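> Pasting a predicted model and its sequence here:
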Amino acid sequence: MHNPKDNSKIGREMAETIAAQALAWLAGDPENLNGFLALSGLSPGELMDQAHDARTLGAVLDFILTEDRLVIGFCDVASLAYTVPQRARASLPGGEIYHWT
């Protein structure tokens, strides 16, 4: 797996792998999964059909990045540094856009 102490750019393939792990983690928690589905507008079937799409994977990371508790929960389970989801998101479509909120 990705070295959690490495702060270098994450490649697209590794970013997709991290996002897929994040999706699997979300799927294990109905409350968080329902929150993602509500925010994304996807139905469970649409999510299954689009689970390998880089834009969908980016949306998963966007959702996780909305709350510290989600970042911490995912990263702790995946044994990743807390900066990894954000760095992975930057390598997926739309990740180059910075959101100042």
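The structure has been received and is ready for your questions.
> Measure how buried Pro85 is and give me the count.
Around Pro85 there are 26 other residues, counting by other Cβ atoms under 10 Å. In short, each C-beta sits where N, CA and C put it, glycine included.
> what do you get for Val77?
If we define neighbours as other Cβ under 10 Å, then Val77 has 13 of them.
> next one: Thr17
Counted with other Cβ under 10 Å, Thr17 comes out at 16.
> Same question for whichever helix or strand it is part of: list its buried residues.
If you go by DSSP states H and E, Thr17 is part of helix 12-27. For helix 12-27, the neighbour count (16 or more other Cβ atoms under 10 Å) marks 14-19, 21-23, 25-27 as buried.
> mind putting these in TSV, distance to Thr56 and pLDDT included?
Formatted as TSV, the buried residues of helix 12-27 follow (distance: Cβ to Cβ, whole Å; pLDDT from 0 to 100):
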residue	distance to Thr56	pLDDT
Met14	17	96
Ala15	13	96
Glu16	10	97
Thr17	14	97
Ile18	14	97
Ala19	8	97
Gln21	14	98
Ala22	11	98
Leu23	8	97
Trp25	15	97
Leu26	12	95
Ala27	13	94
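> could I get those as TSV with distance to Asp53?
TSV is the format used below for the buried residues of helix 12-27 (distance: Cβ to Cβ, whole Å):
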residue	distance to Asp53
Met14	17
Ala15	13
Glu16	10
Thr17	14
Ile18	15
Ala19	10
Gln21	16
Ala22	14
Leu23	11
Trp25	18
Leu26	15
Ala27	16
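> Once you drop chain neighbours, what's closest to the residue positioned nearest the centre of the chain?
Using Cα atoms, centre = their mean, the residue of the chain that lies closest to the mean C-alpha position is Leu61, 2.4 Å off. Once flanking residues are discounted, Leu61 sits nearest to Arg89: 4.2 Å by Cβ to Cβ, 6 or more residues apart in numbering.
> where's the one you found relative to Asp62, distance?
Per Cβ to Cβ, to the nearest Å, Arg89 is found 7 Å from Asp62.
> same question, Arg55
10 Å.
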